[in-house]
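Visitor: predicted model follows, preceded by the sequence.
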Amino acid sequence: MIVAHGGAGEVRSDKAKIAEKGVTKAVIVGSTILKSRGSALDAVEECVKVMEDDPNFNAGMGSALTIKGTAEMDASISDGRTLDSGAVGLVSNVRHPVTLARLIMEKTDHVLIIGASAEKIAEEFGLELRDPRTPERLEMWQEARKKFERGEIKYLPKTIDLIRRFPDLVETVGAVAVDSNGNLAAATSTGGLMLKLPGRIGDTPVIGAGNYADNEAGAVSCTGIGEAAVRLCLAKTGCEYMGKGLSAHEAAKRCIELVNKRQRGLDMGVITVDRNYKYGLYHNSKNLVWALETQEMSRPKSGLRYPT
């Protein structure tokens, strides 16, 4: 089973079908790996890589830009079998930040490496580099800057004001999976918030906040206003819910209920899978772009909202 998201927020009507198609394409890649008895870890990495190459998502190519117009990407990956995790922050020129996160997990003694040091590791291991800024993101950034300079944006201590003005910016991508051996994995990648301060790191590379997997419980990937997930250790909290016997669906629902109670007004979405091959997804945002495929399905399911 594999579940993927393309972000929580509000999807513009002209982008809806494109976003749904993109996340479905990513799920098919991950599902193909699982059907050939590949690992959940490989499946979530390859799934997220597809979305990092899709300029319609805020991850990899097409990442949102800082107040200075630069790209600072974050990503993480978690192996539920061993609890090993890798994460990268503030990288500006790596084609696949999620693959760099896996390298950090497997080739170093650390969990999180950021900035130039992380980019140096990418170069040493021969990862492909590229400028992730697209013309569309640059245009969005220029318009955001104009509104900011005119005083029309009450800047980030109050992130929700910015998101309401630019509702299609929260498009972090992620995937969770369980393979034929019962191993769980999660991967998440983002460009962050448009107009964020340089150096800002959200929940995506913080293991336990935006991304977590544990074979004894489940796997979780979060999307939305990252500060809320960091404050609540949301991904680990979701896994703890499943570890205590809640289903993947109920765990996802409880996570969003917790956000609504303790971080009211901040948009969030979560996707989950548990050790019993069940999935869940829930959000308090207008939209959550999602797709999934299970062993029993002849083709993936997808949508833009929680599937009631």
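Guide: Noted; the coordinates are in hand. Numbers count the residues shown, from 1 in each chain.
Visitor: can you pull out the helices in the protein?
Guide: 16-35, 40-52, 97-107, 115-124, 135-149, 159-165, 226-232, 234-243, 248-262 (DSSP state H).
Visitor: quick one, which of the ones you listed is nearest to residue 289?
Guide: Closest to residue 289 of the helices of the chain is helix 16-35 (CB to CB; 4.6 Å). Placement of C-beta: from N, CA and C, glycine included.
Visitor: ranking the helices of the chain by burial, who's on top?
Guide: Across the helices of the chain, averaging neighbours per residue (mean count of other CB atoms under 10 Å) puts helix 40-52 on top, at a mean of 28.
Visitor: tell me how far it is from the chain's mean position?
Guide: 11 Å (CA atoms, centre = their mean, to the nearest Å).
Visitor: gap between residue 251 and residue 279?
Guide: According to CB to CB, to the nearest Å, residue 251 stands 10 Å off from residue 279.
Visitor: returning to what we had before: what's the least confident stretch among the helices of the chain?
Guide: Among the helices of the chain, helix 159-165 carries the lowest mean pLDDT, at a mean of 51.
Visitor: circling back: what do residue 251 and residue 279 both touch?
Guide: Residues touching both residue 251 and residue 279 (CB atoms under 8 Å, 6 or more residues apart in numbering): residue 272.
Visitor: Throw the helices of the chain into a markdown table and include distance to residue 275, thanks.
Guide: Output for these, formatted as a markdown table (distance: least, CB to CB, whole Å):
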| stretch | distance to residue 275 |
| --- | --- |
| helix 16-35 | 15 |
| helix 40-52 | 11 |
| helix 97-107 | 21 |
| helix 115-124 | 32 |
| helix 135-149 | 38 |
| helix 159-165 | 34 |
| helix 226-232 | 22 |
| helix 234-243 | 8 |
| helix 248-262 | 9 |
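Visitor: out of those, flag the one nearest residue 6.
Guide: helix 16-35 (4.2 Å).
Visitor: contact partners of that closest one?
Guide: Here helix 16-35 makes contact (CB under 8 Å, 6+ apart) with 1-7, 11, 39-40, 42-44, 46-48, 50-51, 54, 56-57, 171, 173, 175, 177, 179-180, 289-293, 295, 300, 302-304.
Visitor: now the buried members of those residues.
Guide: Taking 16 or more other CB atoms under 10 Å as the criterion, what is buried in those is 1-7, 11, 39-40, 42-44, 46-48, 50-51, 54, 56-57, 171, 173, 175, 177, 179, 289-293, 300, 302-304.
Visitor: narrow these to those in strands?
Guide: 2-7, 173, 175, 177, 289-293, 302-303 (DSSP state E).
Visitor: which one among the residues you listed sits at the bottom for pLDDT?
Guide: Confidence-wise, residue 7 trails the rest of those, at 90.
Visitor: pretty sure it is touching residue 223, no?
Guide: Yes. Using CB atoms under 8 Å, residue 7 is in contact with residue 223, at 5.1 Å.
Visitor: how much space between residue 207 and residue 60?
Guide: 20 Å.
Visitor: neighbour-wise, which of the two wins?
Guide: residue 60 (28 against 24; other CB atoms under 10 Å).
Visitor: list the contacts of the more buried one.
Guide: Here residue 60 is in contact with 49, 51, 52, 53, 54, 73, 95, 96, 97, 132, 189, 191 (CB under 8 Å, 6+ apart).
Visitor: got the phi and psi for it?
Guide: Torsion angles at residue 60 (phi, psi; degrees, to the nearest 10) stand at phi 60, psi -130.
Visitor: going forward, count from 23.
Guide: Let's use 23 as the start, then, which means that last one is residue 82.
Visitor: what does the pLDDT read for it?
Guide: On the pLDDT scale, residue 82 is placed at 95.
Visitor: chain neighbours aside, what residue packs nearest to residue 317?
Guide: residue 23 (6.8 Å; CB to CB, 6 or more residues apart in numbering).
Visitor: what distance do you get for the residue lying closest to residue 71 once chain neighbours are set aside to residue 95?
Guide: Distances taken as CB to CB, 6+ apart place residue 118 nearest to residue 71, at 5.0 Å, with adjacent residues excluded. Residue 118 is 10 Å from residue 95, where distance means CB to CB.
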